[in-house]
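Visitor: Okay, sequence plus prediction incoming.
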Amino acid sequence: MHKHLTYFLFCLVVLSTTSSFSQSGKQKELEARRVELRNEIKKINTLLASNKSKQKSEVSLIEDLNHKLAVRENLIKVTNQQANLLTREINTNQKEITSNRDELTLLKVNYGKMLEKSYKNKNKQNRVMFLLSSSNFKQAYKRIQYLNQYADYQKQQGETIKEKTKELQEANLELLAQKEKKSKLIAENKVAQRTLERERKEHEEIMSSIRKNLNKYSAQVKAKEKEVSRIDNEIDKIIRDAIAKSNEAAPKTKRVSAKGFALTAEAKALANDFLGSKGKLPWPVEKGVVKLRYGKQPSPIDPSVTINSNGVRIATEKNAKIRAVFNGEVWRIIQPKRSNPIVLIKHGNYITAYRNVGKLYVKAGDKVTTKQDIGEVFTNPSTGETVLNFSIYKDSHTQNPTSWIYKM
């Protein structure tokens, strides 16, 4: 019975400790995410302020606001999660404090009774008489052991009370800190909610203006996406033709038909290194926010128009340097009609594409290293916008850059 009780108490302690560690880990995770989102909003505001003097189109304004609204809504959600988790932690701590306080009270009562009994026994019969009244040496020895054990137990009880008192004081301090943190989070969320409402109102005012002439704006979006699609197709053709050519030139044993590039041992090693860096690649610009994400999505102007994004569009600052995200070779530099240059860098059978280049620092055939500057992003002189289109290909198939770039 005693063994079962001990095991049960041990399991209870382990579970409560595990739960405490789990909640603490979750709090750290949420706090890190909250910091990231706040920094993201700061970056957005900085970029918007940098070209505020320019007359931006309603389409660009809506894109900016859409992204900012999404990030702020996410920030409010994460902050709420933190506050709710703190509420659960506070409740758990309050129960633990109550339990510890009750246990401390009981310890003090029992300790007092033990001291009182010890004092009475001391008056009735001193230690010497207690020992001399023993019937034999063995009994006297056992009585000495008993007296020593009783003294040790008294001392242990006193130490336990001290320890429990200290634990209670520390728990109370932690509880006060948690309550203060929760109050700060709630206050911060109220400010964020007011800002969100103001931005939603601004968004609605612009959308109201757009709806009055929706056909005009939809035509602008369609024209822009048609141009993007034309360039996408041009890049696709270049890659497919190169794949076919690489397989024609390769020995039969190393051909992979139209599925992908026939690679040399060196190119294969580079591709493996690139794959091994998935999720850890640096951003192609030092500072930036993603305005448009990868994949099919409705236009923020007209939901009936579908945008098919083969990569991401990153808003950055004026004169921003474009960086190679990994070691490789400048494979092609494309100059599309009515558009700015595109740099394609090859990493084995992976290709990274950098569009809307204003100034070029490299040429085809150059070897580049991770984070090496390869050019500058073009800044639209009329709107002040500086946007880099960035894509990743594995052979002829596009990849989601969010899965490859660190914390995108």
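Guide: Received, thanks. In this text the structure is predicted, and so the values were computed from the model without any measurement.

Visitor: pLDDT weak spots in the stretch 201-350 of the chain?
Guide: Scanning the stretch 201-350 of the chain with the threshold set as pLDDT under 70 gives 253-258.

Visitor: In three-state terms, label residue 365 for me.
Guide: coil (DSSP: H, G, I helix; E, B strand; the rest coil).

Visitor: That one: what's it in contact with?
Guide: By C-beta atoms under 8 Å, 6 or more residues apart in numbering, the contact list for residue 365 reads 329, 330. In this view, the C-beta of every residue, glycine as well, is placed from N, C-alpha and C.

Visitor: Local confidence estimate at it?
Guide: Per-residue confidence (pLDDT) for residue 365: 97.

Visitor: for the stretch 151-300 of the chain, what spans make up the helices?
Guide: Counting by DSSP state H, counting those that start in this stretch, the stretch 151-300 of the chain has helices at residues 214-249, 265-276.

Visitor: In the stretch 301-408 of the chain, what residue spans correspond to strands?
Guide: 306-309, 312-315, 321-323, 328-334, 342-347, 350-355, 357-360, 367-368, 373-377, 387-394, 397-399 (DSSP state E, counting those that start in this stretch).

Visitor: Redo those strands as TSV? Include mean neighbour count and distance to residue 41.
Guide: Converted to TSV, those look like this (neighbours: other C-beta atoms under 10 Å; distance: least, C-beta to C-beta, whole Å):
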stretch	mean neighbour count	distance to residue 41
strand 306-309	16	23
strand 312-315	24	13
strand 321-323	22	24
strand 328-334	19	33
strand 342-347	23	30
strand 350-355	25	26
strand 357-360	18	27
strand 367-368	16	33
strand 373-377	21	22
strand 387-394	22	19
strand 397-399	16	28
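
Visitor: Which one of these lies nearest to residue 108?
Guide: Comparing the strands of the stretch 301-408 of the chain against residue 108 with C-beta to C-beta, the closest turns out to be strand 312-315 (64.7 Å).

Visitor: my read: residue 193 touches residue 76, true?
Guide: Yes: if you go by C-beta atoms under 8 Å, residue 193 and residue 76 touch, sitting 6.4 Å apart.

Visitor: Next, the contact list for residue 393, please.
Guide: By C-beta under 8 Å, 6+ apart, the residues touching residue 393 are 235, 239, 350, 351, 352, 353, 399.

Visitor: which strands and helices sit next to the helix or strand encompassing residue 103?
Guide: Assigned by DSSP states H and E, residue 103 belongs to helix 58-124. Secondary-structure packing of helix 58-124 (3 or more C-beta pairs under 8 Å, 6 or more residues apart in numbering; DSSP states H and E): helix 2-50, helix 137-211, helix 214-249, strand 289-292.

Visitor: any idea which of those is most buried?
Guide: strand 289-292 (a mean of 20; mean count of other C-beta atoms under 10 Å).

Visitor: So which elements touch that one?
Guide: Counting contacts by 3+ C-beta pairs under 8 Å, 6+ apart, strand 289-292 is packed against helix 2-50, helix 58-124, strand 312-315.

Visitor: between the helices and strands packed on helix 58-124, which one is nearest to residue 390?
Guide: strand 289-292 (9.3 Å).

Visitor: ok, residues contacting that closest one?
Guide: With C-beta under 8 Å, 6+ apart as the test, strand 289-292 has contacts from 40, 43-44, 47, 63-64, 67, 307, 309, 312-315, 387, 402, 408.

Visitor: Quick check: the two most widely separated of these?
Guide: 43 and 307 (22.6 Å).

Visitor: so what are the domain limits for this structure?
Guide: The record's domain parsing of the chain by automatic domain parsing lists 12-211, 224-404.

Visitor: In JSON lines: these, plus distance to residue 218.
Guide: Listed next are the domains of the chain as JSON lines, based on distance: least, C-beta to C-beta, whole Å:
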{"stretch": "domain 12-211", "distance to residue 218": "9"}
{"stretch": "domain 224-404", "distance to residue 218": "4"}
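
Visitor: what separates the nearest residue to residue 69 once chain neighbours are set aside from residue 59, distance-wise?
Guide: Of all residues not flanking residue 69 in the chain, residue 199 sits nearest, at 5.8 Å (C-beta to C-beta, 6 or more residues apart in numbering). Distance, residue 199 to residue 59, by C-beta to C-beta, to the nearest Å: 17 Å.
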